[in-house]
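Engineer: What follows is a predicted structure for the sequence shown.
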Amino acid sequence: MQDPSEDTQWNDVLRSKGILPPKANEATIDEQTIVKMLEETVAKKTGGKAYDDMTLDELDEFEDEEDDRVMQQYRQRRMAEMLATQQKAQFGSVKEISAIDYVGEVNKAGEDVWVVLHLYKSGIPLCALLNQHIAQLAAKFPATKFLKSVSTTCIPNYPDRNLPTFFIYFEGDMKGQLVGAQQFGGMNLTLDSLEWMLSEKGAVKSTLEEDPRKKNQVRDMSIRQNVNKDSGSESD
């Protein structure tokens with residue numbers, strides 16, 4: 001019977017087919033190669049030292065280096081996000097337009113651009129209040145394009161009963177409108193309330209968690225109840 005450990009071509013064929021086990025020195029070489037590769041990998045990461053030879057301080061430093069790599073990647077990603085935000089933040093103030101500017105400033109504002117156009121007239125207190133509010137909102141949300149225009153200058157014969165009017169556009173398409181004093185709640189309209197109303201239309205990304213008008217309604221009801229109580233006491 002042929003010796004399976006004998007170094008012959010036939011035994012090599014049987015080893016290649018998996019019938020005979022590999023030669024002892026071949027198995028040893030493979031294991032040594034693997035161990036060497038692992039040691040080289042660890043040495044590259046730890047400055048030439050194996051984990052078993054590293055002190056606790058060196059291990060902590062190595063972990064800090066790994067954390068630094070992660071933080072560096074995070075910073076790079078955040079910088080890219082901030083750069084994209086800055087590129088969108090191209091407005092920041094309210095621009096006055098006329099009918100000639102309408103198509104270019106509103107319908108052709110560009111991709112991913114929200115436009116808020118306020119039609120107003122001098123002498124109307126609510127229009128003046130809204131112009132004050134949108135000036136602050138324009139600075140707060142510079143990615144949104146805030147415009148204003150005298151109503152009859154922008155749209156000839158536009159009725160005063162519709163003032164104030166907000167037209168809200170996105171990428172040239174109208175997405176919403178607020179027409180008339182009743183839509184805004186009159187002179188009691190606060191800056192936060194207007195911000196909420198525009199966020200509902202998608203024009204700004206507000207951080208407000210709830211509609212500020214709800215708080216105002218609760219406060220108004222409380223005031224009315226107190227007034228009614230006082231009136232009842234006086235009549236008694």
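Structural biologist: Okay, I see it. Numbers count the residues shown, from 1 in each chain.
Engineer: show me where this structure has strands.
Structural biologist: Along the chain, the stretches classed as strands by DSSP state E are 94-96, 114-120, 145-150, 165-170, 173-179.
Engineer: Mind giving me the packing neighbours of the shortest one?
Structural biologist: This points to strand 94-96. helix 125-140, strand 145-150 (3 or more Cβ pairs under 8 Å, 6 or more residues apart in numbering; DSSP states H and E). C-betas here are computed from N, CA, C, even on glycine.
Engineer: what's the most buried one of these?
Structural biologist: Comparing those by mean neighbour count (mean count of other Cβ atoms under 10 Å), strand 145-150 ranks first with a mean of 23.
Engineer: Parallel or antiparallel, which strands does that one pair with?
Structural biologist: Strands flanking strand 145-150 in the sheet, each with its direction: strand 94-96 (parallel), strand 114-120 (parallel) (DSSP bridges).
Engineer: what's the angle from it to helix 125-140?
Structural biologist: Following axes from the mean of the first three to the mean of the last three Cα atoms, to 10 degrees, one obtains 160 degrees for the angle between strand 145-150 and helix 125-140.
Engineer: Please enumerate residues in contact with strand 145-150?
Structural biologist: Residues from elsewhere that reach strand 145-150, judged by Cβ atoms under 8 Å, 6 or more residues apart in numbering: 91, 93-99, 102, 105-106, 109, 113-122, 131, 134-135, 137-138.
Engineer: try 6 Å
Structural biologist: Strand 145-150 is contacted from outside by 91, 94-97, 105, 109, 113, 115-119, 134, 138, using Cβ atoms under 6 Å, 6 or more residues apart in numbering.
Engineer: I'd like to know which of these is nearest to Phe167.
Structural biologist: Leu117 (4.5 Å; Cβ to Cβ).
Engineer: what residues are up against that closest one?
Structural biologist: Leu147, Phe167.
Engineer: Relative to Cys154, how far out is it?
Structural biologist: From Leu117 across to Cys154, the span is 8 Å (Cβ to Cβ, to the nearest Å).
Engineer: ditto for Gly186
Structural biologist: Distance of Gly186 to Cys154, given as Cβ to Cβ: 23 Å.
Engineer: more neighbours, the two?
Structural biologist: Ranked by neighbour count (other Cβ atoms under 10 Å), Gly186 and Cys154 place Cys154 first, with 22 against 11.
Engineer: And that one, what's its pLDDT?
Structural biologist: On the pLDDT scale, Cys154 is placed at 91.
Engineer: The closest residue to it other than its chain neighbours: neighbour count?
Structural biologist: Among residues not flanking Cys154 along the chain, Ala99 sits closest, at 5.3 Å (Cβ to Cβ, 6 or more residues apart in numbering). Per other Cβ under 10 Å, the neighbour tally for Ala99 reads 13.
Engineer: between the strands paired with strand 145-150, which one is nearest to Asp192?
Structural biologist: Per Cβ to Cβ, nearest to Asp192 of those: strand 114-120, 16.0 Å.
Engineer: Hey, what's the angle from the closest one to strand 173-179? Just curious.
Structural biologist: Orientation check (the same axes, to 10 degrees): strand 114-120 against strand 173-179 gives 30 degrees.
Engineer: Strand 114-120 - what's its average pLDDT?
Structural biologist: If you average the pLDDT over strand 114-120, you get 97.
Engineer: pLDDT wise, what is the closest residue to Val94 other than its chain neighbours at?
Structural biologist: Spatially, and ignoring its direct neighbours in sequence, Val94 is nearest to Phe146 (4.6 Å; Cβ to Cβ, 6+ apart). Per-residue confidence (pLDDT) for Phe146: 97.
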